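1. What follows is a predicted structure for the sequence shown.
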Amino acid sequence: MERFLENAMYASRWLLAPVYFGLSLALVALALKFFQEIIHVLPNIFSMAESDLILVL
């Protein structure tokens with residue numbers, strides 16, 4: 001019984017691998033979108049009020 005549980009836990013990591021891969025892709029997409037927004041805001045950063053800058057970010 002113990003051996004079966006060990007094997008099941010070891011095998012279940014392969015079921016979670018696609019989930020981790022999807023989470024990694026989502027994190028990369030969020031990072032790209034963040035840098036896209038930063039590049040969009042940079043030209044106006046010195047002319048914006050502090051509250052507007054916080055709202056944009």
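-> Here it is on my side, so go on.
2. can we go C-alpha only for contacts and neighbour counts from here?
-> OK.
3. neighbouring contacts of the worst-scoring helix or strand of the chain on mean pLDDT?
-> Least confident helix or strand of the chain, by mean pLDDT, DSSP states H and E, is helix 50-56 with a mean of 85. Applying C-alpha atoms under 8 Å, 6 or more residues apart in numbering, the set of residues contacting helix 50-56 from outside is 41, 45.
4. change it to 7 Å
-> The list of residues contacting helix 50-56 from outside it, by C-alpha atoms under 7 Å, 6 or more residues apart in numbering, is empty.
5. Just the CA atoms of that helix, as CSV, please.
-> Extracted as CSV, the C-alpha positions of helix 50-56 are listed here (Å, rounded to 0.1, in the frame of the first residue of the first chain):
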residue,chain,number,x,y,z
GLU,A,50,1.4,61.8,-8.8
SER,A,51,-2.2,60.6,-8.5
ASP,A,52,-2.5,60.2,-12.3
LEU,A,53,0.7,58.2,-12.4
ILE,A,54,-0.5,55.9,-9.7
LEU,A,55,-3.8,55.3,-11.5
VAL,A,56,-2.1,54.6,-14.8
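6. Pull out the buried positions in that helix.
-> Buried residues in helix 50-56, defined by neighbour count with 16 or more other C-alpha atoms under 10 Å: none.
7. Show me how far that helix is from its chain's centre.
-> 23 Å (C-alpha atoms, centre = their mean, to the nearest Å).
8. Stretch 48-55 too?
-> The answer for stretch 48-55 is 25 Å, by C-alpha atoms, centre = their mean.
9. What's the biggest helix in this structure, counting residues?
-> The single longest helix within the chain, with elements called by DSSP state H, is helix 2-41.
10. Which elements pack onto that helix?
-> Identification of packing neighbours for helix 2-41 by 3 or more C-alpha pairs under 7 Å, 6 or more residues apart in numbering; DSSP states H and E yields no helix or strand.
11. so how far is it off the chain centroid?
-> Chain-centre distance of helix 2-41: 9 Å, with C-alpha atoms, centre = their mean.
12. Tell me which residue lies nearest the centroid of the chain.
-> For the chain, the residue nearest the mean C-alpha position is Leu27 (2.1 Å; C-alpha atoms, centre = their mean).
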